[in-house]
Structure formats: C-alpha cells, structure tokens
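Asks: Below are the sequence and a predicted model for it; my questions follow.
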Amino acid sequence: MFAAIGIFFLLGYLLGSVNFAVLVAKKHGVDILKEGSGNPGATNVKRVLGKGPGDLVFALDLLKGFVGAGLPYLFLRIDPQQPQINDIFFVICVAGFVGTLLGHCFSCFLKFKGGKGVASTIGGLIVLLPVPILIGATLWGLVFLLSRYVSLASLILGVSLPVSCWVLPLFTSLKYSLAEFVFAGAIAAFNVWTHRSNIGRLLAGTENRFTKKA
C-alpha cells in the first residue's frame, strides 16, 4: 500500500508540474510569468490572450487533475465487494491527485512556482467526489456570473465540498466516509490557502473583476 501511494504521488507530481499555461502562452509568443498577474494559470492566460487560449489551458489543467487521480484505475484492480480494499484504493487515488495538485502549484520545472490549481482540483474531484464537485462547479458558475470574481467563485467551490459531503447524506441515499469528508475539508483549506492574497484584495475591495479581452 505505502509503495503504491508513493509511486502514484510521484507520478502525479511529475504530471502536475507540466504547466500548460506557460506552454500555450509560449506558442503565442508570450511569457505568461511576466504578463498580467504573472500567475501561470488559465485565468491569467484568458486575460492576456483571450478566451480561446484561456479555455484550452483550463481544459488541459482539468484533464491533468482527472488523469492524476484516475491513474490507479489503469494499473490496479479493485473488488467492489470489499469495502476495506475500496478505502485503500481511494487513498491511493487521493495520493495521485494530491501529487498532481502540488505539482501544478509548485512545479519543479518553474522553480516551484505554479498556478492556483482550481481546474486541476475539479478534474481530480470528478474522479474522487463526483457529486460534490458537480454542486461546487454549479456554484462556481453562479457566483462568477453574479460577481465576475474568479477568485471568489473558486473559494465558494472549495468550501462547498465538505459542506456537500455533510449535507447530502441527510437528504439523499449518498454516503461519505470520514476519510472522504476529511479529504474534502483538506481540499477546501488548501484552496483557501492558495487564494490568501485574493482574499486580502477582496476584503480591501481591490480584487480585479474578470473582463473580456478586447
């Protein structure tokens, strides 16, 4: 088990360290680290280069998170009749996802700099917590349309994950283990931490609203 956790964490980290914002912007002759906010993520690419490149980076980052969390499905077998084995498998998938997210945020190819990991988080959670992330993505869209703040929408998405894991079993047949609830809470806390500078600007009223590139 521990060997599998380490292997998939490392594979995820290397995958996550591939920064598509930098690569896509470079194709357009732009160093995204020196333009806009300087953040190598989909939002900054969209601000600097427009909708097409920005959406491409978002899709690639989302796919990166999906693959990082889903890699164990390609190499390991699970028995749906053995809950204990399934719990171990979930932990291994989480290791791949966490590695991917850390690689995205602290890329070994960018001197341990990176994006905020929102798209990669969504991709990974489609594998790990599909219903809570669907709710979170819906809230993201609503908050963004109403406020035009990407950062605020992303924060709401993150916080909604543990809330969904707690509330859904009260009204549906869905059940979430303590490990899944703790995992969702950890993702929410990490999301808040990566957006700490945005929180400061939101409170000060200086956060930039998203506007379309002319």
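Replies: Yes, it's here.
Asks: Please enumerate the strands of the chain.
Replies: Along the chain, no segments are classed as strands by DSSP state E.
Asks: Would you mind splitting it into its domains for me?
Replies: Taking automatic domain parsing as the domain assignment, the ranges for the chain are 1-128, 129-214.
Asks: who's in contact with the nearest residue to G54 once chain neighbours are set aside?
Replies: Distances taken as C-beta to C-beta, 6 or more residues apart in numbering place K46 nearest to G54, at 2.4 Å, with adjacent residues excluded. For glycine as for every other residue, the C-beta is placed from the backbone atoms N, C-alpha and C. K46 makes contacts with P53, G54, D55, V57, F58, F210, K213, as judged by C-beta atoms under 8 Å, 6 or more residues apart in numbering.
Asks: And for G29, the neighbour number?
Replies: Counted with other C-beta atoms under 10 Å, the neighbours of G29 add up to 7.
Asks: returning to that earlier point: same list, the contacts of K46, but as a markdown table with neighbour count and pLDDT please.
Replies: Output for those, formatted as a markdown table (neighbours: other C-beta atoms under 10 Å; pLDDT from 0 to 100):
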| residue | neighbour count | pLDDT |
| --- | --- | --- |
| P53 | 22 | 95 |
| G54 | 22 | 95 |
| D55 | 13 | 95 |
| V57 | 28 | 97 |
| F58 | 22 | 95 |
| F210 | 14 | 77 |
| K213 | 11 | 52 |
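Asks: ok, the residues you listed vs A184, which is closest?
Replies: A184 has its nearest neighbour among the contacts of K46 in F58, at 21.9 Å by C-beta to C-beta.
Asks: is it true that that closest one touches A42?
Replies: Yes - F58 lies in contact with A42 (C-beta atoms under 8 Å); the separation is 3.8 Å.
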